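J.: what follows is a predicted structure for the sequence shown.
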Amino acid sequence: MSIRFAVTLDPLHIGAGGYRLGRVDNTIVRDAGSGLPKVPGSSLAGVARSYLVQILDGEEAEKARACAASADNDRGNCGKCLACRLFGYAASGKQKKSHIGLLRFYDGDIIAFPVSTVAGPVWVTSPSALAQVLAPADVPVAREDTVLVDGALPSGMKKINVGWLYLDAEPAGDSLTALRAALGNDAAKRFSRLALAPDWLFAELVNSNLEVRTSVSIDPLTGAAEEGKLFTYEAIPAATLLAFDVDIDRARCAYACDADGKNPVDADEALRLLDGALELCGVLGMGGMCTRGFGRVRFLEGA
Ligand SMILES: [Zn+2]
């Protein structure tokens, strides 16, 4: 398990595609069991591949760019450039074979979710969210109908409003110490006040505090809104803490050679390149509505 923490700098919209849920037209991808929004590993793999091609230099860059261009021309991927070896390729166009890549991208989960309270923003987490990123022994136990708040509350405060719920608040003690340690110093400043809630409450809080925005299509001829083209879309809000598990198949790296049968993939170098590609997610973003101020995700340095 190789966990990478990330924080959304803008709302993040990874569309579920084409179905309407309640009042929202364009919904985001959710976990079938928990109902919590998530970021599919395939979405991250897609942007990581495209950003990797941008950060490569020298010969590898030329090969990867030529491969990306030939894929567009329906000739299929080359199967031998670094992007093909790390991310895999499918049989298409003149490429008759397909191959799985060396990198493994798993779905990204919401680990801590920002909710406004009278005492300022609080990042709420839950035992099942923490179980995604901590060793089983470090996963804290939550209290029913109570939030355990880490970070000082105004003196005498015994209850707190998290979103529209008004709940008992108690000090977290060392319940969230393991999460703080995993996040490291950079993140400790960013998430000033964490709170532990039971799982049922976490799902409720997340789903009732998602960002919902409204847009309208513009008629290019009149420059005005088109009749009946108002639509709404939901998004994971800015400042949400996410975690992605990304790994590399080290055993197969030695066999992943270039077109001349040389230069097998160095796993550590590949992971460094991946980090460079993921850094671009903090600048160029991922997911939908990237051209409208959505989608930047900054990967954190870690502990
Ligand atoms: Zn290629």
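T.: Happy to help now that I have it.
J.: drop to CA atoms for contacts and neighbour counts, all remaining ones
T.: OK.
J.: the nearest residue to residue 246 once chain neighbours are set aside: neighbour count?
T.: The spatially closest residue to residue 246, leaving aside those adjacent along the chain, is residue 105, at 4.8 Å (Cα to Cα, 6 or more residues apart in numbering). Residue 105 has 20 neighbours, counted by other Cα atoms under 10 Å.
J.: any idea how far residue 189 lies from the ion?
T.: Residue 189 is 41 Å from the ion, where distance means Cα to the ion, to the nearest Å.
J.: look up phi and psi at that residue.
T.: Phi and psi for residue 189, reported as degrees, to the nearest 10, are phi -70, psi -40.
J.: contact partners for it?
T.: Residues in contact with residue 189 (Cα atoms under 8 Å, 6 or more residues apart in numbering): none are found.
J.: can you pull the pLDDT of it?
T.: On pLDDT, residue 189 comes in at 78.
J.: same check on the one 4 residues further on?
T.: pLDDT for residue 193: 89.
J.: distance of it from the ion?
T.: To the ion, residue 193 is 45 Å away according to Cα to the ion.
J.: quick one: that residue and residue 117 touch, right?
T.: No. The pair residue 193 / residue 117 is not scored as a contact, 10.9 Å apart, by Cα atoms under 8 Å.
J.: show me what contacts the residue lying closest to residue 259 once chain neighbours are set aside?
T.: Closest residue in space to residue 259, ignoring its immediate chain neighbours: residue 80 at 5.3 Å, by Cα to Cα, 6+ apart. Contacts for residue 80 (Cα under 8 Å, 6+ apart) come out as 257, 258, 259.
J.: mind checking which of those residues are buried?
T.: Buried members of these, counted by 16 or more other Cα atoms under 10 Å: 257, 258.
J.: got the contacts of residue 80 as a markdown table, with secondary structure and pLDDT columns?
T.: Shown next, in a markdown table, are the contacts of residue 80 (DSSP: H, G, I helix; E, B strand; the rest coil; pLDDT from 0 to 100):
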| residue | secondary structure | pLDDT |
| --- | --- | --- |
| 257 | coil | 83 |
| 258 | coil | 80 |
| 259 | coil | 79 |
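J.: and of the contacts of residue 80, the nearest to residue 293?
T.: Nearest to residue 293 among these: residue 258, at 38.7 Å, using Cα to Cα.
J.: what's the closest non-adjacent residue to the closest one?
T.: Excluding the flanking residues, the one nearest residue 258 by Cα to Cα, 6+ apart is residue 80, at 5.0 Å.
J.: which one is residue 282 nearest to, not counting chain neighbours?
T.: residue 298 (4.2 Å).
J.: for stretch 204-224, which outside residues touch it?
T.: By Cα under 8 Å, 6+ apart, the residues outside stretch 204-224 that reach it are 11, 24, 36-37, 113, 115, 162-163, 225-226, 229-237.
J.: so what's residue 37 up against?
T.: By Cα under 8 Å, 6+ apart, residue 37 lies in contact with 28, 29, 30, 31, 109, 110, 207, 236.
J.: so what pLDDT did the closest residue to the third one other than its chain neighbours get?
T.: Distances taken as Cα to Cα, 6+ apart put residue 37 closest to residue 30, at 4.0 Å, once the chain neighbours are dropped. Listed pLDDT for residue 37 reads 92.
J.: separation between residue 37 and residue 110?
T.: As judged by Cα to Cα, to the nearest Å, residue 37 and residue 110 stand 7 Å apart.
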